[in-house]
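1. below: sequence and its predicted model.
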Amino acid sequence: MEDQIIGLVSDSKALNSKIFSLPKLLILISLENLGQDGATYTDLRAGLELKDGILHSNLKTLKKMGYVSEKKVKLDKKTLSAYSIAPEGKEALISIRSWFRKWLG
């Protein structure tokens, strides 16, 4: 048991600690499930029930990290931001899921 804990701690150091927040994980998992089309800011806010400040700051961080990409789309004469998961974001989720599986045993 002690060796497992030491292994988990050691493995956790390879993970990006900036992604370990519930909003960031929810955003990445949601965008992964939505595929290439992703979602607009409004859709993410409504679907995840996050406040504007929380969603905005976490999307901004994920974009800086290269985990999320943003593109402008036209919808009913409005220009909206649409977000999708980037390959780096998918890789980060794979690492996190692997670590959680080891942790849960």
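-> Looks like it came in fine.
2. buried ones in the helix or strand containing residue 101, by neighbour count?
-> Taking DSSP states H and E as the criterion, residue 101 maps to helix 87-104. Applying a neighbour-count criterion of 16 or more other CB atoms under 10 Å, one finds 89, 92, 93, 96 buried in helix 87-104. (Glycine included, C-beta is placed from N, CA and C.)
3. residues touching residue 55, list them.
-> Under the criterion of CB atoms under 8 Å, 6 or more residues apart in numbering, the neighbours of residue 55 are 23, 27, 41, 44, 45, 48.
4. inside helices: which ones of the residues you listed?
-> Among these, the members found in helices (DSSP state H) are 23, 27, 41, 44, 45, 48.
5. and of these, the nearest to residue 59?
-> Closest approach to residue 59 among the ones in helices among the contacts of residue 55 (CB to CB): residue 27, at 6.6 Å.
6. what residue lies at the spatial centre of this protein?
-> Note on the chain: the residue nearest the mean C-alpha position is residue 28, at 2.4 Å, using CA atoms, centre = their mean.
7. list the contacts of it.
-> The contact partners of residue 28, taken as CB under 8 Å, 6+ apart, are 19, 62, 67, 68, 85, 89, 92, 93.
8. in JSON lines: those, plus pLDDT and distance to residue 74.
-> Conversion of those to JSON lines gives the following (pLDDT from 0 to 100; distance: CB to CB, whole Å):
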{"residue": "19", "pLDDT": "64", "distance to residue 74": "31"}
{"residue": "62", "pLDDT": "96", "distance to residue 74": "24"}
{"residue": "67", "pLDDT": "96", "distance to residue 74": "25"}
{"residue": "68", "pLDDT": "97", "distance to residue 74": "20"}
{"residue": "85", "pLDDT": "96", "distance to residue 74": "22"}
{"residue": "89", "pLDDT": "95", "distance to residue 74": "25"}
{"residue": "92", "pLDDT": "91", "distance to residue 74": "30"}
{"residue": "93", "pLDDT": "90", "distance to residue 74": "30"}
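9. okay if I get the residues you listed as a markdown table plus distance to residue 79?
-> What follows is the contacts of residue 28, written out as a markdown table (distance: CB to CB, whole Å):
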| residue | distance to residue 79 |
| --- | --- |
| 19 | 29 |
| 62 | 21 |
| 67 | 23 |
| 68 | 18 |
| 85 | 22 |
| 89 | 24 |
| 92 | 29 |
| 93 | 29 |
